[in-house]
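>>> Could you look at this predicted model? Sequence included:
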Amino acid sequence: MPMTLLDGKQIAADIRAELRQELDTLRLSGRRAPKLGIVIVGENPASVTYVNNKMRACAEVGIEAERIALSDQISEQELLEVVRRLNDDSSIDGFIVQLPLPSHINEATVLSAIDYRKDVDGLTPANVGRTVQGQPAIVSATPRGIRELLSRYHIPTAGKHVVVIGRSNIVGKPVAMLLMQRPYLSLPGMSAASLGDATVTICHSRTQDLPAITRTADIIIVAAGCPGLLTADMVRQGATVIDVGINRIDDPDSPRGYRLVGDVDFQNVAPLCNYITPVPGGVGPMTIVSLLQNTLQAYKNHIS
Ligand code: NDP
């Protein structure tokens, strides 16, 4: 089977067009637009870029977005006060707190303070717990985007061996959980209920003989933040490879002085694969569009 590039940029554009159509219909029926709050603390350049991309994506589909920019000197208590205000603000359907936060602020404390019904990043313990138990939940954006990408390319996961490299709360753990779920966990807006039912192995930096494990995988999801981690000798012929990593590496030939690469040695791994995501243009755009889908989901729950 020839290799197919999983074009997250195109799929995300298709989903944005679908969302725009749905929101136009809502507007024509007299409904207000959904509203997303985006809290950003400090001016971390990568975070500023992500927030700008999210604001632009919202504008494109007709979601109102409000940026709440805070000083990196803000105390944890003051930030918690902002979170409480957004929880209580009935004009806001959902909001996110852009990560990472400055080191003097405990991320878990802040995320836990978000009302799970407005938690459109799906990172609160309530949403994670509900997802684990197969209850209606807002699923975190990157795992939702990966699931949607697999679904749109009709790549089944049932009975397949999925190896996830990375055990973070935002990618590794939730994507593993989502793909091993019974398909009854069908989410509003998801295009297929056939995803799930995978046999999942989660690996991390203490895993022994990672190549021996990845070579048995039908689908490998790499979310380690480690350029070139997945090499050709770790991948069996015909595998599907999802590269979540976004790493800046120096590149004097680029006008910005750097370029973005994933965690996969793409050049040597791609020829072995049936399907593989590029970086950029794979999982990244799917993460942003999942945030829009989650915002619409929160809006519908809010106004119903
Ligand atoms: P974290 O740093 O929180 O987690 C990385 C995980 O990878 C950890 O569990 C770590 O193991 C594991 N790991 C690191 N090195 C190795 C190794 N050599 N072998 C095996 N496991 C390893 O990262 P995130 O999950 O937040 O992000 C991962 C990557 O994905 C980053 O590049 C990030 O920028 C990117 N990202 C991309 C998104 C997108 O939309 N495309 C969205 C979110 C993140 P241990 O736990 O033992 O330390």
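Cool, the structure landed. Residues are numbered from 1 along each chain as shown.
>>> So residue 175 is in contact with residue 223, correct?
Yes - at 7.4 Å, residue 175 counts as touching residue 223 under the criterion of CB atoms under 8 Å. Where C-beta positions appear, they are placed from N, C-alpha and C, glycine not excepted.
>>> Between those two, which contacts overlap?
Shared contacts of residue 175 and residue 223, defined by CB atoms under 8 Å, 6 or more residues apart in numbering, comprise 142, 164.
>>> shouldn't residue 220 be in contact with residue 240?
Yes - in this structure residue 220 lies within contact range of residue 240 using CB under 8 Å: 7.3 Å.
>>> Which one's more surrounded, these two?
residue 220 (28 against 23; other CB atoms under 10 Å).
>>> Tell me how far the more buried one lies from residue 282.
Distance of residue 220 to residue 282, computed by CB to CB, to the nearest Å: 13 Å.
>>> shared neighbours of those two, which are they?
Residues touching both residue 220 and residue 282 (CB under 8 Å, 6+ apart) are residue 242.
>>> What's the local residue count around residue 106?
The burial count for residue 106: 13, using other CB under 10 Å.
>>> for it, what are its contacts?
Going by CB under 8 Å, 6+ apart, residue 106 touches residue 76.
>>> For the stretch 1-150 of the chain, which residue gets nearest to the ligand?
Closest contact between the stretch 1-150 of the chain and the ligand, by CB to the nearest ligand atom, is at residue 142 (4.4 Å).
>>> Please name the residues that touch that residue.
170, 171, 174, 175, 223, 244, 283, 286, 287, 290.
>>> if we go to 7 Å?
Listed by CB atoms under 7 Å, 6 or more residues apart in numbering, the contact partners of residue 142 are 170, 171, 244, 283, 287.
>>> Surely it is in a helix?
Yes - Residue 142 sits within a helix when classified using DSSP: H, G, I helix; E, B strand; the rest coil.
>>> Would you quantify the distance from it to residue 44?
18 Å.
>>> Which SSE is immediately downstream of the helix or strand hosting residue 149?
In this assignment (DSSP states H and E), residue 149 forms part of helix 141-152. For helix 141-152, the following helix or strand on the C-terminal side (DSSP H and E) is strand 161-165.
>>> Which residues of the stretch 201-304 of the chain lie near the ligand?
Applying CB under 6 Å from any ligand atom, we find that the stretch 201-304 of the chain lies next to the ligand at 203-207, 210, 223-226, 229, 244-247, 283-284, 287.
>>> Among those residues, which are located in strands?
Using DSSP state E, the subset of these located in strands is 203, 247.
>>> Return the subset of the residues of the stretch 201-304 of the chain next to the ligand lying in helices.
Among those, the residues falling in helices (DSSP state H) are 210, 283, 284, 287.
>>> Compare the residues you listed and tell me which has the most neighbours.
Neighbour-wise, these (other CB under 10 Å) top out at residue 283, 30 neighbours.
>>> quick one, phi psi at the closest residue to it other than its chain neighbours?
Leaving aside its chain neighbours, residue 283 sits nearest to residue 244 (5.0 Å; criterion: CB to CB, 6 or more residues apart in numbering). For residue 244, the backbone dihedrals (degrees, to the nearest 10) come out as phi -90, psi -20.
>>> how much space between residue 244 and residue 15?
Note on residue 244: its distance to residue 15, by CB to CB, is 18 Å.
>>> Please apply the same query to residue 266.
Residue 266 is 24 Å from residue 15, where distance means CB to CB.
>>> same thing with residue 289?
Residue 289 sits 5 Å away from residue 15, going by CB to CB.
>>> neighbour-wise, which of those two wins?
Counting neighbours by other CB under 10 Å for residue 289 and for residue 15 shows that residue 289 has the greater number, 25 against 22.
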